[in-house]
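Novice: mind looking at a prediction? Sequence and model below.
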Amino acid sequence: MSSGSVTSAARAAAAVLVRPWLWWTAALQVLRLAPRGWWRRAPFLPLPDRGYLRFRMQTMYGDAGHRPDAPDVVTYLEWCRAWPAAVRA
């Protein structure tokens with residue numbers, strides 16, 4: 001992982017940490033995006049598939065190598081949190 005990736009991930013994590021109402025949503029999204037059987041393969045972390053992440057970055061930023069911005073991560077998690085209520089309405 002490059003230092004830019006670490007910095008981007010740290011900023012996103014910090015943005016979520018100060019929003020306790022998003023903790024559960026973030027945990028659920030980590031598990032939803034993790035490939036099946038992630039615990040059987042190194043690095044033994046529930047990391048999303050790289051191809052999926054490249055696709056999402058390409059569709060959002062126009063660059064598959066772009067790292068997500070912290071405000072965008074928060075917005076995505078807020079959308080994920082609100083979605084079930086919007087579907088029920």
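Specialist: Good, I have the coordinates. What you see is a predicted model; the values in this text were computed from it and never measured.
Novice: SS state for residue 44?
Specialist: At residue 44, secondary structure determined by DSSP: H, G, I helix; E, B strand; the rest coil is coil.
Novice: check contacts around it.
Specialist: Counting by Cβ atoms under 8 Å, 6 or more residues apart in numbering, residue 44 touches residue 38. For the C-beta atoms, the positions are set from N, CA and C on the backbone; glycine is no exception.
Novice: could you do the one 4 residues further on as well?
Specialist: When the contact criterion is Cβ under 8 Å, 6+ apart, the partners of residue 48 are 33-35.
Novice: gap between it and residue 8?
Specialist: 14 Å (Cβ to Cβ, to the nearest Å).
Novice: repeat for residue 29
Specialist: 17 Å.
Novice: neighbours of residue 38, just the number please.
Specialist: 16 (other Cβ atoms under 10 Å).
Novice: count of neighbours near the closest residue to it other than its chain neighbours?
Specialist: Leaving aside its sequence neighbours, residue 38 sits nearest to residue 46 (Cβ to Cβ, 6 or more residues apart in numbering; 4.9 Å). Residue 46: 13 surrounding residues under other Cβ under 10 Å.
Novice: against residue 47, how distant is residue 15?
Specialist: 19 Å.
Novice: these two: who's more crowded?
Specialist: The neighbour count for residue 15 versus residue 47, taken as other Cβ under 10 Å, is higher for residue 15 (17 against 14).
Novice: for stretch 48-57, buried residues please.
Specialist: Residues of stretch 48-57 classed as buried by neighbour count (16 or more other Cβ atoms under 10 Å): 56-57.
Novice: in this protein, which helix is the longest?
Specialist: In the chain, assigned by DSSP state H, the helix with the most residues is helix 70-88.
Novice: who does that helix touch, helix- and strand-wise?
Specialist: helix 3-17, helix 23-33 (3 or more Cβ pairs under 8 Å, 6 or more residues apart in numbering; DSSP states H and E).
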